[in-house]
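K.L.:
Show me how the following folds:
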Amino acid sequence: QVQLVESGGGLVQAGGSLRLSCAASGRTSSIYAMGWFRQAPGKEREFVAAIRWSSGITAYADSVKGRFTISRDNAKNTNYLQMNSLKPEDTAVYYCNTIVGPNHYWGQGTQVTVSS
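P.N.:
I've put the predicted structure just below:
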């Protein structure tokens, strides 16, 4: 079992920046990857970014490439999502996700609101 706790969401003007954090606890030694998804009102949850825990290899949705950066601190079992040049269309609830063996675990979500 793995527990995820997100932090760092909030309200920001277009063009601004925010950094999200996701701290994992529990069976952290078996983490394969961590990432972020987001869900805007009336829309399906979508992939944002992910990072392989051992190698640090990253992947991004096209909509955030060049603006968002995912990183990790293995010692703290924490990953970070640095979001720059935010746009109103980035407004959503952001969910941290981790893959441990065959299982996916989710955080409770953190709201990011970008005003125009």
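K.L.:
Which strand or helix spans the residue nearest the centre of the chain?
P.N.:
Against the mean C-alpha coordinate of the chain, by CA atoms, centre = their mean, the closest residue is Trp36 at 2.9 Å. Using DSSP states H and E, Trp36 falls within strand 31-39.
K.L.:
Buried residues in the next helix or strand after that strand, which are they?
P.N.:
Using DSSP H and E, the helix or strand that follows strand 31-39 in sequence is strand 46-52. For strand 46-52, the neighbour count (16 or more other CB atoms under 10 Å) marks 48-52 as buried. Glycine gets a C-beta too; all of them are placed from N, C-alpha and C.
K.L.:
got a list of what the most far-flung residue of the chain relative to its centre touches?
P.N.:
In the chain, counting by CA atoms, centre = their mean, Ser116 sits farthest out from the average C-alpha position, at 22.3 Å. Ser116 makes contacts with 14, 88, as judged by CB atoms under 8 Å, 6 or more residues apart in numbering.
K.L.:
For Glu89, state which of the buried residues of strand 46-52 is nearest.
P.N.:
Distance to Glu89 across the buried residues of strand 46-52 (CB to CB) is lowest for Val48, with 12.4 Å.
K.L.:
Need the three-state assignment for Ser29.
P.N.:
helix (DSSP: H, G, I helix; E, B strand; the rest coil).
K.L.:
Count residues in the vicinity of it, would you?
P.N.:
Here the number of neighbours of Ser29 (other CB atoms under 10 Å) works out to 8.
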